[in-house]
Structures are given as structure tokens and as C-alpha cells.
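sequence-free structure coming up:
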Ligand SMILES: Cc1cc2nc3c(=O)[nH]c(=O)nc-3n(C[C@H](O)[C@H](O)[C@H](O)COP(=O)(O)OP(=O)(O)OC[C@H]3O[C@@H](n4cnc5c(N)ncnc54)[C@H](O)[C@@H]3O)c2cc1C
């Protein structure tokens, strides 16, 4: 997975792609993955780094969606539960079977959640991850550590999946390339070209890293740009109506001492009628999320003060040890690309998370909404739709049973390098061949991981390494700033860059990381 090799593929003159996918988040990767497994000549273009947008900022759940069941969206829960089961099989090195606890404070809630979660178990059928049960508060209380026990009757325990979102994205890019596709980061689509019948025939793409423009021909162009879909639609037809609304979700990351349980916590009804999770992740705890409508789409959305306060106040009601601002190791925000509301849907939390496919008169295929969990099905649906719309003969999709790059079974989740799956042994070989070079002991980041990210995972900037190849920025933003110069130095060697590059990278990373660190005054 090297950018230079991918650039050569698009430099061939007169190459005609079957599909060009714009956007390298979960949705675009799912489409490109499906397309290559059917044997289509596939190119994916990402304007920034893979998963730079929403797809590295999720709650890290591969889930059917207990909340959607409460909203009566059984179809979505069924679809997501099947996909959850498939993803556990496709990428067992990244998706854990995670137990969740819903704390119970009344007999009515005990009845409601015990029966509701039995239905949740039943909906996933053969792909269930385990049965839900009620755990009484006494004895043994050891099953519910970290919870505020005032008035607590017990908890309902159920199963869902938990994963690492940007690591899955990188493994998908590797799989797409291994199946004969092409995927390039820092390549922005800036224009669409039409033939004399006003049908799309090519895209113009700009190399953000090196400069230069490419004109790339395709039989089908897919707009999978998340919260930016309307920009591409306007490129196709200026003045196109808005198709999505954007809703922001914020997460706070804390030390594990604030919630030392191996079970994730699910608070089913916060004061704003949403759910809040506390999820163990890489030896820390992720708390979130919120659902705040915002007007602007951005690659670096900012957490609002009221969202931070809301998460801390809600967590304080349920956790024995109350977190404060000073305890937050990182704060990150992501934007949901929700299909614009139907009549009667007043609030963003009420808009269905199902995906929707649109096609314009010029044959620009656009996909809206969806979830990380259903990325595979979204890809399959889109390619089926294109085949049907363009009268192509149907080719069988091949993603349901595939092994995603890094596939490994019987994982030791306590291994700090577990998320590399089958690649971990190559990194360990490099580590064993060097003197101790842990760049960060607390985050368990080694110099060899940085080298690996540049050589095998198309990392181009310090941010790529610290935010999406490792998760340092999200796990402990302050610590990530401390190590960023060392990371830049290792990258500079591998990328043949000079000290000017190092200084520029350090300055821009430090500036970025500031947004992930909470001030305490
Ligand atoms: C707070 C939050 C929590 C969530 N939690 C979960 C969860 O726990 N589980 C779950 O299943 N789902 C979750 N989701 C939903 C899931 O994360 C999203 O549905 C998914 O990541 C969206 O992926 P995407 O590819 O559509 O968008 P993105 O990830 O934003 O990708 C779109 C990409 O298009 C690129 N792009 C834009 N314009 C151009 C251009 N002109 N040229 C080239 N590239 C371009 C962007 O740079 C971006 O990388 C969550 C969402 C949010 C916001």
C-alpha cells in the first residue's frame, strides 16, 4: 500500500475505470471493496487521508442499535445485526464481542429492558453474539464495577460488537489494493466532465500533496463523500437542492480508572432522550455521544462547550468516580451525514440511520446516511443499483465471506499491537531487531509502528500516524503532542524529507491537537 505505486496506476494514459468512487470513508471503502470483488476496475479517491472524516470519529460500535429498536426501526436493527455478525467474521482481529450493561434503577425498567433485549437477541438470529441476562446487584457486585450504586437494582447485560474504525478503514484500503483496485489519499475531486449526451464520463482530480491534475475516465462515478455529498452534487448541477442534514456527535476519552469495568456501559435515556455509552477502548474509556444539528460540514468539527458539559454531567450521575474537565485526555467530534428529514421528523435523533441511494440525470450515483456497521451492505446495494441502472450484467458480490487484510483469529486483546492482526508479527520482528524504542510507553507506540505506517499503510503526515494508524490523538492528545517531533523525525527518514518538513509537520500537528485538549479554566 504505497502512494507512489497507486499514482503510477492513474498515470497510465487512456485508462478507463469501471467505477470511480469519490470519498475514502466507510461508505466509499465499502463500495470500492464490493466493486473489486466483482471484478470491476475500481478507483477510489480521497481528498485527505482515508477515514479523516466521520469514519475515524465514531463511538467504535459494530451494533444492531438498541436505540433504533426502541424507535421501532426493526428493519434497520435486523440489517445491522446481520452485518455485525458478518463483520465479526470478516475482521475478527478488529471486532470484539463486547458485553454491555444497562444499569437498572426501577422494576419497570428491569421488565422493559430485559424483554426488549431478548427481542434484540432474537432479531440477530444465528449471527447473535450471545444472550442477554439480568445481573442482580447483590451478590456479586463485582460484575458492575465503577457504577454509582445509589438505588441500583442491577443491570441488564447484552452483547454487541466493538471495533477500531480507522484501523478497519486502513485494512479495507489494503484489501481493495490486494484485489486489484486502486486507492489514493490526498487526491481531491474538483470537477466532473460530461459527454455530448450530458452523461458523466470523467472526473478531474487534484493531487493535494504533490500538485498536478488528472483527468480520469469512468463508466460510473459514485459520490460517497459523507457530509460533503451536496458539494459534489452541486459540481454535477449547480444549485442542486440539499440532500442531507448534518448532526454532530462528541466523545470524551478518560483514563480507565473512571470506569474500570470490562463491560461497556449503556445509559438508555439521558435527559435529552438519547443514549450515552462508556466504552472500554485501547485501555481507556470513550464517553459519548451527542446529537447536535450543525450548519457547516467540516473535516475538523469542534466540540461545543454545551456538549462537553452534557457528557460530563450525565456520566457523573452513573459513575462512582466523577470525571471532571481536567480528567479528559482527548475530546473529538464527528459529523453524521443524515438523509434530510422526512415530514414529521423534527429532530436529528429521529432521522432514520438507513442509507439512501440517489442517481442524477447525468448518472452521478450518490449515497446518503448509513452506519459504519452496515458499510458492506451499503457497498453491495450501491453496486447492485449501478448494474441495474446502467444495464450491466449482474456480477456476484464477494464481500460477505471475505477475509479483510489483517484477518487473524483467537486474538489476545491485551496485546498492545493486537489491532494489526496478522501484520503484528512483522512489526514485532522489527521491534525485536532494535533497541528499546518505545516513543510512548503509556500509549504503547513504538518507532517501528511509525516506519510500518509509512512503508505499508500510506501514512503521509504526522497526523495520519498519530490519529488514524495509531490512535494517539484520540486516546491522549497531550501525550501525542509530546511525541510528535520524534514521529516526524522517523517519518522524514522513511519519506526522504528534510528538517523544514519536520518543523512544518510538528507545527501543524500541534495546532490541530490543541482542539482535542480541554482547557480547564
Ligand atoms: C459521533 C458519531 C458516532 C458514530 N458511531 C457509530 C458507531 O458506533 N457505529 C456505527 O456503525 N456507526 C457510527 N456512526 C456512523 C458512521 O461513523 C458513519 O455513518 C460513517 O463513518 C460515514 O462514513 P462516510 O464514508 O459516509 O463519511 P466520511 O467518513 O466522512 O467519508 C467521506 C469522505 O469523503 C471525502 N471527500 C469529500 N469530498 C471529497 C472530494 N471532493 N474528493 C475526494 N474525497 C472527498 C472526505 O474527505 C471524507 O474522508 C457514528 C457517527 C458519528 C458522527
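The structure has been received and is ready for your questions. Here the structure is a predicted model, which is why all the values come from computation and not from measurement.

Which strands or helices does the helix or strand where residue 376 lies pack on?
Taking DSSP states H and E as the definition, residue 376 sits inside helix 375-389. Packed against helix 375-389, as judged by 3 or more Cβ pairs under 8 Å, 6 or more residues apart in numbering; DSSP states H and E, are the following elements: helix 26-37, helix 74-90, strand 213-223, strand 355-359, strand 364-369. C-betas here are computed from N, CA, C, even on glycine.

again, only using 7 Å
helix 26-37, helix 74-90, strand 355-359, strand 364-369 (3 or more Cβ pairs under 7 Å, 6 or more residues apart in numbering; DSSP states H and E).

Which of those has the highest mean neighbour count?
The highest mean neighbour count among the helices and strands packed on helix 375-389, using mean count of other Cβ atoms under 10 Å, belongs to helix 26-37: a mean of 30.

re the thing from before, okay, buried residues for the helix holding residue 376 please.
Of the residues in helix 375-389, 375-387 count as buried by neighbour count, 16 or more other Cβ atoms under 10 Å.

Please work out the average pLDDT along the helix or strand just after it.
Next helix or strand after helix 375-389 toward the C-terminus (DSSP H and E): helix 424-432. Helix 424-432 shows a mean pLDDT of 94.

chain center to helix 424-432, what's the gap?
Between the centre of helix 424-432 and the centre of its host chain there is 26 Å, according to Cα atoms, centre = their mean, to the nearest Å.

Not counting its own residues, what contacts the helix or strand that it is followed by?
Next along the chain after helix 424-432, taking DSSP H and E as the criterion, comes strand 438-440. Applying Cβ atoms under 7 Å, 6 or more residues apart in numbering, the contact partners of strand 438-440 are 445, 446, 447, 472, 479, 483, 486, 487.

run the last query once more with 10 Å
Strand 438-440 is contacted from outside by 416, 431, 444-450, 466, 470, 472, 475-476, 479-480, 482-484, 486-487, 489-490, using Cβ atoms under 10 Å, 6 or more residues apart in numbering.

Skip the chain neighbours and tell me the closest residue to the spatially most central residue of the chain.
Geometric centre of the chain, nearest residue: residue 55, 3.0 Å, by Cα atoms, centre = their mean. Spatial nearest neighbour of residue 55, chain neighbours left out: residue 25 (3.8 Å); criterion: Cβ to Cβ, 6 or more residues apart in numbering.

quick one: contacts for the one you found?
Applying Cβ under 10 Å, 6+ apart, we find residue 25 in contact with 46, 48, 50-56, 165-166, 169, 224-228, 337, 372, 375.

which residue packs closest to the single nearest residue of the stretch 401-521 of the chain relative to the ligand, ignoring adjacent ones?
Proximity of the stretch 401-521 of the chain to the ligand (Cβ to the nearest ligand atom) peaks at residue 468, 10.5 Å away. Nearest residue to residue 468 in three dimensions, chain neighbours excluded: residue 166, at 3.9 Å (Cβ to Cβ, 6+ apart).

what's near enough to touch that neighbour?
Contact analysis of residue 166 by Cβ under 10 Å, 6+ apart lists 25-26, 49-52, 55-58, 60, 419, 464, 467-471, 474.

Now do the SS call for the residue of the chain positioned farthest from its centre.
No residue in the chain sits farther from the centre than residue 196, which is 39.1 Å out by Cα atoms, centre = their mean. Assigned with DSSP: H, G, I helix; E, B strand; the rest coil, residue 196 falls in the coil class.

Quick check: residue 283 touching residue 329?
No. Counting by Cβ atoms under 10 Å, residue 283 sits too far from residue 329 to count as a contact (11.1 Å).

so what sits against both of these two?
255, 475.

I'd like to know which elements the one helix or strand in the chain whose mean pLDDT sits lowest is packed against.
None of the helices or strands of the chain scores lower by mean pLDDT, DSSP states H and E than helix 66-70, at a mean of 80. Judged by 3 or more Cβ pairs under 10 Å, 6 or more residues apart in numbering; DSSP states H and E, the packing partners of helix 66-70 are helix 74-90, helix 107-123.

Between the ones you listed, which one is closest to residue 297.
Ranking the helices and strands packed on helix 66-70 by distance to residue 297, with Cβ to Cβ as the measure, places helix 74-90 first at 23.6 Å.

Pull up the residues of this structure that are close to the ligand.
Counting by Cβ under 6 Å from any ligand atom, the residues of the chain close to the ligand are 22-28, 45-48, 52-55, 57-61, 63, 188-189, 224-228, 249, 289, 299, 334-337, 370-373.

Can you flag the buried ones in those?
Neighbour-count burial (16+ other Cβ under 10 Å) applied to those gives 22-28, 45-48, 52-55, 57-61, 63, 189, 224-228, 249, 289, 334-337, 370-373.

And for residue 218, the neighbour number?
20 (other Cβ atoms under 10 Å).

can you pull the contacts of it?
By Cβ under 10 Å, 6+ apart, the residues touching residue 218 are 15-21, 41-43, 200-203.

pLDDT score for it?
Looking at residue 218, its pLDDT stands at 97.

Which residues does it form beta bridges with?
In this structure, residue 218 bridges to residue 17 when assessed by DSSP bridges.

From residue 19, how far out is it?
6 Å (Cβ to Cβ, to the nearest Å).

Which neighbours do these two have in common?
With Cβ under 10 Å, 6+ apart, residue 218 and residue 19 have common neighbours 41, 42, 43.

could those go into JSON lines alongside secondary structure?
What follows is the shared contacts of residue 218 and residue 19, written out as JSON lines (three-state DSSP):
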{"residue": "41", "secondary structure": "coil"}
{"residue": "42", "secondary structure": "strand"}
{"residue": "43", "secondary structure": "strand"}
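
Which of these sits closest to residue 454?
Scanning the shared contacts of residue 218 and residue 19 for proximity to residue 454, where the rule is Cβ to Cβ, the winner is residue 43, at 22.7 Å.

Bridged to the closest one, which residues?
Under the criterion used (DSSP bridges), residue 43 bridges to residue 20, residue 182.
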